[in-house]
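Colleague: only geometry, no sequence info:
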């Protein structure tokens with residue numbers, strides 16, 4: 001073998017040795033780190049339903065699961081259930097609009113649409129009415145009147161909130177009676193609130209009509 005060939009062969013051997021020694025440093029660039037974790041404690045049917053969700057909702061739920069697996073799982077399971085629908089009629093006679101606002105979105109999971117309107121009825125009583133309403137299903141959702149507008153799902157509502165009761169349905173028109181002793185001027189928002197996990201699903205800032 002000629003000297004030049006020996007030199008080439010030696011160079012190849014040295015390159016192989018160097019590659020082996022430095023393998024831990026450069027190997028991550030060429031080897032995929034594949035992860036396919038199932039959502040915590042889901043049955044196969046629930047996993048299939050989760051896989052059918054839009055990707056942005058899956059991503060949001062997985063992110064939530066990193067901090068609070070129980071909340072993320074209960075929310076995901078609620079989303080898999082059929083919508084609960086309400087169709088309360090508008091009260092008779094001519095109600096007066098006192099306050100109104102529109103529900104909005106926090107993220108791919110915590111979002112709502114439709115209007116929240118407070119009416120005064122001819123007998124002096126007041127109701128909060130949702131129309132064209134649709135909010136993501138969640139565990140034990142309640143309707144709150146609040147003195148602040150939460151800017152995120154985890155921002156607390158002020159302590160002086162009023163709980164008007166459990167949400168009748170995550171879809172559809174619905175009415176909630178407002179107690180006579182409530183001073184409406186003290187409140188500026190309607191919040192759909194998850195009672196067990198203290199999470200806001202949607203909020204409507206209301207203003208005088």
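Modeller: Right, received. Where do you want to start? This structure is a prediction, so every number in the text was calculated from the model and none was measured.
Colleague: so the closest residue to residue 95 other than its chain neighbours is in which element?
Modeller: Computed as Cβ to Cβ, 6 or more residues apart in numbering, the closest residue to residue 95 that is not its neighbour in sequence is residue 119, at 3.8 Å. All C-beta spots, glycine's among them, are computed from the backbone N, C-alpha and C. Using DSSP states H and E, residue 119 maps to strand 112-120.
Colleague: buried residues in that strand, which are they?
Modeller: The neighbour-count check on strand 112-120 (16 or more other Cβ atoms under 10 Å) flags 112, 114, 115, 116, 117, 118, 119, 120 as buried.
Colleague: next: stretch 128-138.
Modeller: Buried positions in stretch 128-138, judged by neighbour count with 16+ other Cβ under 10 Å: 128, 129, 130, 133, 134, 135, 136, 137, 138.
Colleague: would you map the strands across the protein?
Modeller: Residue ranges of the strands in the chain, as given by DSSP state E, are 85-87, 96-102, 112-120, 126-135, 141-146, 162-166, 171-178, 189-194, 199-205, 207-208.
Colleague: in TSV, list those along with distance to residue 154 and mean pLDDT.
Modeller: Formatted as TSV, the strands of the chain follow (distance: least, Cβ to Cβ, whole Å; pLDDT from 0 to 100):
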stretch	distance to residue 154	mean pLDDT
strand 85-87	27	93
strand 96-102	21	97
strand 112-120	17	98
strand 126-135	17	97
strand 141-146	14	98
strand 162-166	19	98
strand 171-178	24	97
strand 189-194	11	98
strand 199-205	7	98
strand 207-208	25	94
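Colleague: thinking again about what came up before, walk me through which strands the strand holding residue 119 pairs with, and which way each runs.
Modeller: Counting by DSSP bridges, the strands paired with strand 112-120 are strand 96-102 (antiparallel), strand 126-135 (antiparallel).
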